[in-house]
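Peer 1: Okay, sequence plus prediction incoming.
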Amino acid sequence: MRGRPSTWGAIHTAKLLLMAGKYHDQEIAAMIEVETGDRFTVETVGRKRRDLGLAACHSNHWTGPLARAKV
């Protein structure tokens, strides 16, 4: 059974500002749910991140050389 939809607020923006660039949108959505109890989709988190002009998380830089070495 689904509850009422969560509304994005200042607390969610503050958490996004702290985590953007360090964590992927999926991880941010999960952390927001755990810390506030409000559930948002990955698409919502990504849209809010882009609206604020925040950078996306960078991929693991150390796995690139490993993948190239296997080729």
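Peer 2: Nice, thanks for sending it over.
Peer 1: Which helix in the protein has the most residues?
Peer 2: helix 25-36 (DSSP state H).
Peer 1: now for it, which elements pack on it?
Peer 2: With contacts taken as 3 or more CB pairs under 8 Å, 6 or more residues apart in numbering; DSSP states H and E, helix 25-36 sits against helix 10-19, helix 42-51. In this view, the C-beta of every residue, glycine as well, is placed from N, C-alpha and C.
Peer 1: how about JSON lines for the ones you listed, with mean neighbour count and distance to Ile32 added?
Peer 2: Formatted as JSON lines, those follow (neighbours: other CB atoms under 10 Å; distance: least, CB to CB, whole Å):
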{"stretch": "helix 10-19", "mean neighbour count": "14", "distance to Ile32": "6"}
{"stretch": "helix 42-51", "mean neighbour count": "16", "distance to Ile32": "7"}
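Peer 1: So for Met31, which of these sits nearest?
Peer 2: Met31 sits nearest to helix 10-19 of all these, at 6.5 Å, using CB to CB.
Peer 1: what's the pLDDT at Val71?
Peer 2: Among the per-residue scores, Val71 holds a pLDDT of 55.
Peer 1: before we move on, back to that, need the helices and strands packed on helix 25-36 in JSON lines with distance to Ala29 and mean pLDDT, can you?
Peer 2: As requested, the helices and strands packed on helix 25-36 are exported to JSON lines (distance: least, CB to CB, whole Å; pLDDT from 0 to 100):
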{"stretch": "helix 10-19", "distance to Ala29": "10", "mean pLDDT": "95"}
{"stretch": "helix 42-51", "distance to Ala29": "5", "mean pLDDT": "94"}
